[in-house]
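>>> structure here, sequence nowhere to be found:
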């Protein structure tokens, strides 16, 4: 059985990452979602162990010290991190583990797991991003502008990612994400056993 | 309109590359096949300008001297090369240009066109490769063993390629090749205009 692919999914706030990830998990049992640990307060409707593991600052720092996180970052005064144990167990079981994380965390994953797959989800245009953020109708003008300003900063870092997935039509976007992961499985680096078996099987024909 | 992808398709002799390429060309008008130039004699059924451009050694060397080939290699005493003009015109038109070439030529393409896409087609096992070569029933034992020996040598170079495509079921293989090319189109390096437009559209929200 081959190892799963650690798949990072990032994207602008308002790009629809959450919905894409939810659909992807529904589509196939080959995927599972890593749940982040955070020190921020739960929002209404968020459940501990489902949305996040909600912990105190002390507990978070103990977990860092025990090497229990594969990456962590501070963002708006709170810690966010990815618990190591779940990720490594599921990858070993052959599952593709999805990390829905910010660009700062993605950079750390890229260094630690060079064979991770990094996907960046974006609306088709900047105008469409603005339209989606405004259409939520729940945020102040100031918050919307802060998200758009952050999107500008993130647009400078898109080259970090393996593939850009445009979220225009949701079903197309989910199938593009799926297709990108399937394609990544064909990289030689993920098929060392297969290549080894081929070489071994062909060796007897080799003229020295 | 975005530029097409220069797609190199290599694979063991007997892997079924030719059939895969034929099916791919039938599947979509987005693809076209580069026709190689060679100094070897036409085999029965091969047509000039369809299978190859058949030329003399003198003509081939003139074309090299005029920088008219993007790569060439010598193989079994004959020259094989890829005429530049057709490839560059079709890429500019947005077509994905398929080069069905040997590993030696593929190495040259990788250096000259770092953003080419390199696919390697292989049967699922070494035994299956042997079975396919023998089932043709047209070649001497010596020729079959020479092909298998060459396959061993090529198996050492598979890491050069972006993706390994297993040809077990033909339709699945063709759709995997298609999917790999579609996925490659999502690489940031092939979407510089798109990223540029996003940045430009978001710039006005940036807080200095």
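It's in. Not measured: the values here are computed from a predicted model.

>>> quick check, stretch A:190-204 touching chain B?
Yes - Stretch A:190-204 reaches chain B (CB under 8 Å from any CB of the partner chain) through A:191, A:194-195, A:197-203. Where C-beta positions appear, they are placed from N, C-alpha and C, glycine not excepted.

>>> can you turn the buried part of those residues into a PyMOL selection?
Selection of buried members from those for PyMOL, criterion 16 or more other CB atoms under 10 Å in any protein chain shown:
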select buried, chain A and resi 191+194+195+198+199+201+202
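
>>> sort out for me which of the residues of stretch A:190-204 next to chain B are in strands.
Among the residues of stretch A:190-204 next to chain B, none falls in strands (DSSP state E).

>>> which ones among the residues of stretch A:190-204 next to chain B are found in helices?
Among the residues of stretch A:190-204 next to chain B, the members falling in helices (DSSP state H) are A:194-195, A:197-202.

>>> from the residues you listed, pick the one nearest chain B.
Nearest to chain B among these is residue A:201, at 2.6 Å by CB to the nearest CB.

>>> ok, the closest one touching residue B:128?
No - look at residue A:201 against residue B:128 with CB atoms under 8 Å: they stay out of range, at 9.2 Å.

>>> farthest-apart pair in the residues of stretch A:190-204 next to chain B, please.
Across these, the longest distance by CB to CB is 17.9 Å; it joins A:191 and A:203.

>>> so for stretch A:34-49, what's the average pLDDT?
For stretch A:34-49, mean pLDDT rounds to 92.

>>> should've said stretch A:137-155
Stretch A:137-155 shows a mean pLDDT of 90.

>>> my read is residue A:10 is in a strand, agree?
Yes - the assignment for residue A:10 is a strand, going by DSSP: H, G, I helix; E, B strand; the rest coil.

>>> would you mark the buried spots in stretch A:123-136?
Judged by neighbour count (16+ other CB under 10 Å), stretch A:123-136 contains these buried residues: A:123, A:125-126, A:128-130, A:132-133.

>>> for those, which one is nearest chain B?
Distance to chain B across the buried residues of stretch A:123-136 (CB to the nearest CB) is lowest for residue A:126, with 2.6 Å.

>>> is it true that the closest one touches residue B:195?
No - between residue A:126 and residue B:195 there is no contact under CB under 8 Å: 11.1 Å.

>>> shaky segments in chain A?
Filtered on pLDDT under 70, chain A yields the residue ranges A:1, A:208.

>>> the strand or helix carrying residue A:106: what's the following helix or strand?
Element membership of residue A:106, judged by DSSP states H and E, is helix A:103-112. Downstream of helix A:103-112, the next assigned helix or strand under DSSP H and E is strand A:117-122.

>>> by how many degrees do that next one and helix A:103-112 diverge?
Between strand A:117-122 and helix A:103-112, the angle comes out at 160 degrees (axes from the mean of the first three to the mean of the last three CA atoms, to 10 degrees).

>>> touching strand A:117-122 from outside, list them.
The contact list for strand A:117-122, computed with CB atoms under 8 Å, 6 or more residues apart in numbering or on different chains, reads A:5-12, A:15-17, A:20, A:106, A:109-110, A:129, A:158, A:160-167, A:173, A:177, A:180-181, A:184, B:198.

>>> stretch A:140-158 now?
Residues outside stretch A:140-158 that contact it (CB under 8 Å, 6+ apart): A:10, A:12-14, A:103, A:107, A:120, A:122, A:126, A:129-130, A:133-134, A:139, A:164, B:188, B:195, B:198-199, B:202-203, B:205-207.

>>> what do you get for stretch A:50-58?
By CB under 8 Å, 6+ apart, the list of residues contacting stretch A:50-58 reads A:35-42, A:46, A:48, A:63, A:79, A:83.

>>> enumerate the positions of that stretch that are buried.
By neighbour count on 16+ other CB under 10 Å, the buried set for stretch A:50-58 is A:52-55.

>>> okay, and which of these map to strands?
The members of the buried residues of stretch A:50-58 that map onto strands under DSSP E are A:53-54.

>>> turn the buried residues of stretch A:123-136 into CSV, including secondary structure and distance to chain B.
As requested, the buried residues of stretch A:123-136 are exported to CSV (DSSP: H, G, I helix; E, B strand; the rest coil; distance: CB to the nearest CB, whole Å):
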residue, secondary structure, distance to chain B
A:123, coil, 9
A:125, coil, 6
A:126, helix, 3
A:128, helix, 9
A:129, helix, 8
A:130, helix, 8
A:132, helix, 13
A:133, helix, 10
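
>>> out of the residues you listed, which two sit at the greatest distance?
The span of the buried residues of stretch A:123-136, defined through CB to CB, is set by A:125 and A:133 at 12.9 Å.

>>> mind listing the strands for chain A?
Taking DSSP E as the test, the strands found in chain A are A:6-11, A:31-33, A:37-38, A:53-54, A:69-75, A:78-83, A:96-100, A:117-122, A:163-166.

>>> so which of the ones you listed comes closest to residue B:96?
The nearest among the strands of chain A, by CB to CB, is strand A:163-166 at 16.9 Å.

>>> identify the residues contacting the closest one?
Contacts of strand A:163-166 (CB under 8 Å, 6+ apart): A:20, A:117-124, A:158, A:173, A:176-177, A:180, B:183, B:186-188, B:191, B:194-195.

>>> any chance of a ChimeraX selection covering the buried ones in the residues you listed?
Of the contacts of strand A:163-166, the buried ones go into a single ChimeraX selection, burial set by 16+ other CB under 10 Å:
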select /A:20,117,118,119,120,121,122,123,158,173,176,177,180 /B:183,186,187,188,191,194,195
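
>>> grab the nearest non-local neighbour of residue A:124.
Spatially, and ignoring its direct neighbours in sequence, residue A:124 is nearest to residue A:168 (4.7 Å; CB to CB, 6 or more residues apart in numbering or on different chains).

>>> again with residue A:139
Closest to residue A:139 by CB to CB, 6+ apart is residue A:133, at 7.3 Å.

>>> got the contact list for residue A:16?
Going by CB under 8 Å, 6+ apart, residue A:16 touches A:121, A:123, A:132, A:167, A:170, A:173.
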